[in-house]
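Peer 1: Structure of the sequence below:
(one chain, ligands or ions: 1)
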Amino acid sequence: MSLPEGRRGEAAVGVLASARYGKDKVRVFRVVRDPTSKVHDVVEYNVTVLVEGAIETSYTQADNIVVVATDSMKNIVNYLAKVSPHVLDPARFGLHLGVHLLSRYAHFTAAFVTVEQLRWARIGTGTGSDGGAGGIELSEHKHAFWRDGTEKRFVEVEVARKRDGDGAVARVAGGLRDLLVLKSTGSAFENFVRDEYTTLVEVDDRIFSTSVDLRYTYGEVGVKLGPRGDHEDSEGRKGLGVINFGEENFDKRGTGAVHPWEDAKVGARARETTLDVFAHDESASVQATLYKMGQRVLAENAGVESVGYVLPNKHYIPVDMKYIGVDNTTPLNAEVFTPVDAPSGLISATISRAMT
Ligand SMILES: O=c1[nH]c(=O)c2[nH]c(=O)[nH]c2[nH]1
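Peer 2: Modelled structure (predicted):
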């Protein structure tokens, strides 16, 4: 078999095995105003959009005719943030973006969209500023928000064109990153391997702190693609109408009771469950607590197929005060700790739904 040619006509030593491109870290903020109630909803996203398809020649032949500029992809993210009815829901917005990219550009075979959501929470009206909801049943401010921690929710959407015929399949994963938690008891670590390398003492009571990264996956769903070209809805908005999350746009094959576009519920439930297990488990180890979290998330969310956690074990070391005659190391006397940035343990696992 002849090798492809390199730049100066010599035989290339490599072949393009895979190629994917797009825009990373598209920062977008959207406000949705209700003109009647004057209540505003806001979202802030970091969006990544990547595509695959008939783009090889842009790499191998320097042929940009197949390239939709990454700058245009950024524009598409902003445009859909303006016109998509799904913009307030990261999973639906990600699906809309993926479906729109394949509907609009026939030579793309797959789109990979990640939507990371930053936490803007309403300021409670109890904080006493004007603009509060006053007499109506709303205890939170209509248009003032605060950044509720560094935790982020994310959704990863892959929309892949079916090889035969119309439509595409969507694979969706959701989760959260950087949820920092700590408990000051209810955690032990005993009966581990003791050998010539062991210095760690066994403890039946310790501080347990971790920064939760959670990622869960849904079963594949069928998706309809919109008309090719500049599809417009009745009000002339391009890109709308290709997805509406009604039954007619999705087939449920491979999913259970929960669909990926219901991710808002699943994400909130998985977060609550993670916090609940963390708080209440009499932890024998990070590993054992992680496993219980995964089991609960699977049990409570029928459409979820697998749950993965990455849990750093953020060590808090009791300060040795024997030099001054003070006991700060035996379990009940350990009160002053040094939080250790590095090294940390790193415990991860994925729990998949058992085949029945
Ligand atoms: O929960 C734990 N799991 C480990 O594997 C481990 N290793 C260690 O030093 N401390 C801990 N804690």
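Peer 1: Just the C-alphas of the strand or helix carrying L80, formatted as PDB.
Peer 2: Taking DSSP states H and E as the criterion, L80 maps to helix 70-83. Extracted as PDB, the C-alpha positions of helix 70-83 are listed here (Å, rounded to 0.1, in the frame of the first residue of the first chain):
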ATOM      1  CA  THR A  70     -13.700  27.700  15.600                       C
ATOM      2  CA  ASP A  71     -14.600  31.400  15.700                       C
ATOM      3  CA  SER A  72     -17.900  30.500  14.000                       C
ATOM      4  CA  MET A  73     -18.400  27.700  16.600                       C
ATOM      5  CA  LYS A  74     -18.100  30.300  19.300                       C
ATOM      6  CA  ASN A  75     -20.700  32.400  17.500                       C
ATOM      7  CA  ILE A  76     -23.000  29.400  17.300                       C
ATOM      8  CA  VAL A  77     -22.700  28.900  21.100                       C
ATOM      9  CA  ASN A  78     -23.600  32.500  21.600                       C
ATOM     10  CA  TYR A  79     -26.400  32.400  19.000                       C
ATOM     11  CA  LEU A  80     -28.100  29.300  20.600                       C
ATOM     12  CA  ALA A  81     -27.600  30.900  24.000                       C
ATOM     13  CA  LYS A  82     -29.800  33.700  22.600                       C
ATOM     14  CA  VAL A  83     -32.400  31.700  20.700                       C
END
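Peer 1: So which bits of it are buried?
Peer 2: Of all the residues in helix 70-83, those buried under the rule 16 or more other CB atoms under 10 Å are 70, 73-74, 76-77, 79-81. For glycine as for every other residue, the C-beta is placed from the backbone atoms N, C-alpha and C.
Peer 1: Repeat that for stretch 325-337.
Peer 2: 334, 337.
Peer 1: Quick one: residues in contact with it.
Peer 2: With contacts defined as CB atoms under 8 Å, 6 or more residues apart in numbering, stretch 325-337 is touched by 203-205, 207, 316-322.
Peer 1: So how do I select the buried members of those residues in PyMOL?
Peer 2: The buried residues among the contacts of stretch 325-337 can be selected in PyMOL (16+ other CB under 10 Å) with this line:
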select buried, resi 207+316+318
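Peer 1: Can I get the contacts of stretch 325-337 in a markdown table including secondary structure and distance to T114?
Peer 2: Output for these, formatted as a markdown table (DSSP: H, G, I helix; E, B strand; the rest coil; distance: CB to CB, whole Å):
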| residue | secondary structure | distance to T114 |
| --- | --- | --- |
| V203 | strand | 39 |
| D204 | coil | 42 |
| D205 | coil | 40 |
| I207 | coil | 33 |
| Y316 | strand | 33 |
| I317 | strand | 36 |
| P318 | strand | 40 |
| V319 | coil | 42 |
| D320 | coil | 45 |
| M321 | coil | 48 |
| K322 | helix | 51 |
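Peer 1: now, among the contacts of stretch 325-337, which is nearest to the ligand?
Peer 2: Top of the list for closeness to the ligand, among those and by CB to the nearest ligand atom, is V203 at 9.2 Å.
Peer 1: where's that closest one relative to Y45, distance?
Peer 2: 42 Å (CB to CB, to the nearest Å).
Peer 1: How about A279?
Peer 2: Per CB to CB, A279 is found 29 Å from Y45.
Peer 1: likewise S344?
Peer 2: From S344 to Y45 the distance is 29 Å (CB to CB).
Peer 1: who's more crowded, these two?
Peer 2: Y45 (24 against 15; other CB atoms under 10 Å).
Peer 1: hang on, the more buried one is in a strand, isn't it?
Peer 2: Yes - with DSSP: H, G, I helix; E, B strand; the rest coil as the criterion, Y45 is part of a strand.
Peer 1: who's in contact with it?
Peer 2: For Y45, the contact set (CB under 8 Å, 6+ apart) comprises 26-30, 81, 90, 93, 115-118.
Peer 1: Where is pLDDT lowest across these?
Peer 2: Among the contacts of Y45, F93 has the lowest pLDDT, at 92.
Peer 1: Quick check on it: phi, psi?
Peer 2: Backbone torsions for F93, taken as degrees, to the nearest 10, come to phi -60, psi -40.
Peer 1: just to revisit the earlier point, can you select the buried ones among the contacts of Y45 for me in PyMOL?
Peer 2: This is the PyMOL syntax for the buried subset of the contacts of Y45, where burial follows 16+ other CB under 10 Å:
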select buried, resi 26+28+30+81+90+93+115+116+117+118
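Peer 1: about what we covered before: which neighbouring elements make contact with the helix holding L80?
Peer 2: strand 21-33, strand 40-53, helix 90-104 (3 or more CB pairs under 8 Å, 6 or more residues apart in numbering; DSSP states H and E).
Peer 1: quick one: that helix to strand 21-33, angle?
Peer 2: 20 degrees (axes from the mean of the first three to the mean of the last three CA atoms, to 10 degrees).
Peer 1: Run the angle between helix 70-83 and helix 90-104 for me.
Peer 2: 120 degrees.
Peer 1: Would you mind listing what in the stretch 101-250 of the chain touches the ligand?
Peer 2: Within the stretch 101-250 of the chain, the residues that sit near the ligand (CB under 6 Å from any ligand atom) are 189, 200.
Peer 1: Count the residues that sit near the one residue in the stretch 101-250 of the chain that gets nearest to the ligand.
Peer 2: Nearest to the ligand in the stretch 101-250 of the chain, going by CB to the nearest ligand atom, is F189, at a distance of 4.3 Å. With neighbours defined by other CB under 10 Å, the count for F189 comes to 21.
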